[in-house]
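1. The sequence and its predicted three-dimensional model are supplied below.
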Amino acid sequence: MSIPAPRQTSNYAVIALVAGILGWTLLPFLGSIGGIIFGHMARGQIRRSNGQLDGDGLAITGLVLGWVSVAMWVLCILAFVLFFGGLAWLAALNS
């Protein structure tokens, strides 16, 4: 009776999770981009491995953390531009 080899966790999936967490803590924008890139790379690697690699949940978590952080950055920049653009517009109206 042979014992099947244990499945390994994808290194890219672990990197995606760590980068996604770093995107919320120490490296706000760069970590998020890294989480997105490595998350997509990990999911592709896991699909191509034919069941030899594990870690799809880690990759998805890194992807979600990355995309939510990028979306929040975009919304904050948009709010900043709209707020100060509105102030400039009001100042131009009153002059």
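-> Alright, I've got the coordinates. Residues are numbered from 1 along each chain as shown.

2. all strands for the protein, in order.
-> Here the chain has its strands, by DSSP state E, at 8-9, 53-54.

3. Reformat the ones you listed as JSON lines; add distance to residue 33.
-> In short, each C-beta sits where N, CA and C put it, glycine included. What follows is the strands of the chain, written out as JSON lines (distance: least, Cβ to Cβ, whole Å):
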{"stretch": "strand 8-9", "distance to residue 33": "22"}
{"stretch": "strand 53-54", "distance to residue 33": "23"}
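
4. Need the winner for burial among those.
-> Per residue and on average, the most neighbours among the strands of the chain fall to strand 53-54, with a mean of 17 (mean count of other Cβ atoms under 10 Å).

5. From the contact counts, what lies against that strand?
-> When contacts are defined as 3 or more Cβ pairs under 8 Å, 6 or more residues apart in numbering; DSSP states H and E, strand 53-54 packs onto strand 8-9, helix 28-48.

6. 10 Å instead?
-> Using 3 or more Cβ pairs under 10 Å, 6 or more residues apart in numbering; DSSP states H and E as the contact criterion, the elements in contact with strand 53-54 are strand 8-9, helix 11-24, helix 28-48.

7. Could you single out the most deeply buried of the ones you listed?
-> Of all these, helix 11-24 carries the top mean neighbour count, a mean of 21, counting by mean count of other Cβ under 10 Å.

8. what's the average pLDDT for that one?
-> Confidence over helix 11-24 (mean pLDDT, whole number) is 97.

9. and the direction of it versus that of helix 28-48, what angle?
-> Per axes from the mean of the first three to the mean of the last three Cα atoms, to 10 degrees, the angle that helix 11-24 makes with helix 28-48 is 160 degrees.

10. Can you show me the CA trace of helix 11-24 as PDB?
-> Extracted as PDB, the C-alpha positions of helix 11-24 are listed here (Å, rounded to 0.1, in the frame of the first residue of the first chain):
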ATOM      1  CA  ASN A  11       4.600  29.700  -2.600                       C
ATOM      2  CA  TYR A  12       2.900  32.400  -4.800                       C
ATOM      3  CA  ALA A  13      -0.300  31.900  -2.700                       C
ATOM      4  CA  VAL A  14       1.600  32.600   0.600                       C
ATOM      5  CA  ILE A  15       3.300  35.600  -1.000                       C
ATOM      6  CA  ALA A  16      -0.100  36.900  -2.200                       C
ATOM      7  CA  LEU A  17      -1.500  36.600   1.300                       C
ATOM      8  CA  VAL A  18       1.500  38.300   2.900                       C
ATOM      9  CA  ALA A  19       1.400  41.100   0.300                       C
ATOM     10  CA  GLY A  20      -2.300  41.600   0.700                       C
ATOM     11  CA  ILE A  21      -1.800  42.000   4.500                       C
ATOM     12  CA  LEU A  22       1.100  44.400   3.900                       C
ATOM     13  CA  GLY A  23      -1.200  46.400   1.600                       C
ATOM     14  CA  TRP A  24      -3.300  47.200   4.600                       C
END
